[in-house]
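J.: here's my sequence, what's the structure:
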Amino acid sequence: LMVIDADTGNVGIGDSSPASMLTVGNNDLFQVNTSGQVIAGIWQGTAINDTYISSSSNWNTAYGWGDHASEGYLTSFSETDPIFVASAANGITGTNITNWNSAYGWGDHASAGYITASSTDTLTNKSNISFSA
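T.: Residues are numbered from 1 along each chain as shown. Have a look, this model is predicted:
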């Protein structure tokens with residue numbers, strides 16, 4: 001459902017009587033005014049007008065403090081993860097991954113007839129065995 005109110009010019013998506021310039025959802029759940037500002041809605045479970053809009057003065061105050069790019073704040077961090085060090089995956093190297101990718105590229109060898117670990121497999125029950133040095 002999309003409605004354009006002929007009297008106000010308001011657009012409603014999913015709302016038959018939009019209260020603002022753009023209204024989304026029944027009962028005006030999300031609203032944008034004629035200045036393009038979000039004036040009502042929910043963002044990740046929090047009402048936008050309660051948390052985000054009312055705190056914009058704090059954002060403006062922080063912006064007024066100026067550029068702090070040269071103040072020496074933390075800009076990067078390398079974490080040492082003691083849990084990962086204890087993991088078997090810690091020993092996987094780039095070479096291991098390259099080798100695994102190569103072997104994967106060889107395709108499925110399940111039906112190639114290789115000798116498998118079995119109590120019935122012996123050299124006496126195999127034919128056409130060749131050895132090379």
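
J.: from G25, how far out is the residue most central in space within the chain?
T.: In the chain, the residue lying closest to the centroid (CA atoms, centre = their mean) is Q44, at 15.7 Å. Q44 sits at a distance of 16 Å from G25 (criterion: CB to CB, to the nearest Å). Placement of C-beta: from N, CA and C, glycine included.

J.: what's the answer for A110, then?
T.: Distance of A110 to G25, computed by CB to CB: 54 Å.

J.: between these two, which has more neighbouring residues?
T.: Between A110 and G25, counting by other CB atoms under 10 Å, G25 is the more crowded of the two (14 against 7).

J.: give me every residue that touches that one.
T.: By CB atoms under 8 Å, 6 or more residues apart in numbering, the contact list for G25 reads I13, G14, D15.

J.: how near is it to G12?
T.: For G25, the distance to G12 - CB to CB - is 9 Å.

J.: swap in E71?
T.: Taken as CB to CB, the span from E71 to G12 is 47 Å.

J.: again with F30
T.: Applying CB to CB to F30 and G12 gives a distance of 11 Å.

J.: then T95?
T.: T95 is 60 Å from G12, by CB to CB.

J.: so what does M2 look like in phi/psi?
T.: Phi and psi for M2, reported as degrees, to the nearest 10, are phi -130, psi 130.
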